[in-house]
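Enquirer: A structural model of the following input is requested.
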Amino acid sequence: MNKIEVSVILPVYNSQQFVRTAIDSVLGQSLKAFELIIVNDASTDDTEKIVHSYDDQRIVYIRLKNNSGVATARNTGIKLARGKFIAFIDSDDFWSKEKLQRQISFMNENKINFSYSNYSLMNIRGKVIKRINNLPKKNTYQSLLKTNSIPLLTVIIDRRLIRQYGFLDIHHEDYATWLQILRETGECAILHPQITAYYRVRENSVSSNKLKSLSWTWQIYRKSEHISIVKSIYFLACNAVHGLLKHQRVIKYE
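Expert: Model prediction:
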């Protein structure tokens with residue numbers, strides 16, 4: 001195999017409905033110097049059969065013995081990763097064909113270790129319903145406390161950064177992890193402004209339950225970041241307002 005520029009981590013659990021679309025969107029990337037690490041979190045459906053139907057040397061497949069959760073699955077993939085960068089995609093999402101090529105070129109040209117991008121929301125049938133194209137140009141630790149504005153499916157990060165910390169095994173594990181990395185390293189996460197990814201919205205998705213999402217964010221402030229009650233209330237209010245504004249400013253498709 002040629003030099004691996006980026007390792008793509010794809011955790012799967014009972015993902016037979018959409019996983020082929022996610023895999024195809026990675027294998028179809030214009031940048032070819034990648035590996036796709038698929039971590040099966042003890043699925044009981046036909047997910048494994050679908051993965052085994054691919055004959056591509058860039059796929060690395062591992063099956064966990066017990067269902068351990070998405071944080072453990074991603075951390076397993078991170079430990080196996082050989083690329084300079086690591087990117088993340090979930091089994092019901094997909095990427096634009098030029099995502100890796102354009103975003104990694106952007107990072108290399110600007111000496112960026114941590115980037116994210118704008119993205120689109122799609123419904124269960126894959127139809128685009130909203131474009132999220134107003135994310136902040138950069139995120140520091142302090143700015144990220146006010147709004148969870150680093151979408152996991154768009155992130156590309158230097159392997160050394162993410163391997164040092166890994167994903168925390170809590171709700172909103174990606175948000176908690178980004179906060180930890182920015183706090184501990186002083187790094188900034190930088191926006192690649194193009195839309196590079198598509199997030200599938202389901203009726204039972206976290207994004208459809210705002211109160212539950214806010215309660216998980218509260219737990220991150222208090223238990224992970226050890227922020228005072230008063231400051232946690234302030235940041236939670238900021239988070240709620242930014243969430244409303246984000247979805248008001250998007251372009252919507254009927």
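Enquirer: what are the ranges of the strands in the protein?
Expert: Assigned by DSSP state E, the strands in the chain fall at 6-12, 34-40, 59-63, 85-88, 94-95, 114-122, 128-132, 138-139, 156-158, 189-200, 251-252.
Enquirer: now stretch 133-152: buried residues?
Expert: For stretch 133-152, burial by neighbour count (16 or more other Cβ atoms under 10 Å) applies to 135-136, 139, 141, 144-152. Heads up, the C-betas are built off the backbone N, CA and C, glycines and all.
Enquirer: distance to His52 and mean pLDDT for the strands of the chain - can I get that in a markdown table?
Expert: Listed next are the strands of the chain as a markdown table, based on distance: least, Cβ to Cβ, whole Å; pLDDT from 0 to 100:
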| stretch | distance to His52 | mean pLDDT |
| --- | --- | --- |
| strand 6-12 | 12 | 98 |
| strand 34-40 | 10 | 98 |
| strand 59-63 | 8 | 97 |
| strand 85-88 | 22 | 98 |
| strand 94-95 | 20 | 96 |
| strand 114-122 | 27 | 96 |
| strand 128-132 | 31 | 91 |
| strand 138-139 | 38 | 96 |
| strand 156-158 | 27 | 98 |
| strand 189-200 | 23 | 96 |
| strand 251-252 | 39 | 42 |
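Enquirer: turn these into a markdown table, including distance to Tyr221.
Expert: Formatted as a markdown table, the strands of the chain follow (distance: least, Cβ to Cβ, whole Å):
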| stretch | distance to Tyr221 |
| --- | --- |
| strand 6-12 | 26 |
| strand 34-40 | 29 |
| strand 59-63 | 34 |
| strand 85-88 | 23 |
| strand 94-95 | 31 |
| strand 114-122 | 21 |
| strand 128-132 | 23 |
| strand 138-139 | 16 |
| strand 156-158 | 23 |
| strand 189-200 | 19 |
| strand 251-252 | 31 |
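Enquirer: so which of those is nearest Arg222?
Expert: Of all those, strand 138-139 sits nearest to Arg222, with 20.9 Å by Cβ to Cβ.
Enquirer: in its sheet, what does that closest one sit against?
Expert: Applying DSSP bridges, strand 138-139 is found paired with strand 189-200 (antiparallel).
Enquirer: how about Asn148, what does it touch?
Expert: Taking Cβ atoms under 8 Å, 6 or more residues apart in numbering, we find Asn148 in contact with His172, Tyr175, Thr217, Asn239, Gly243.
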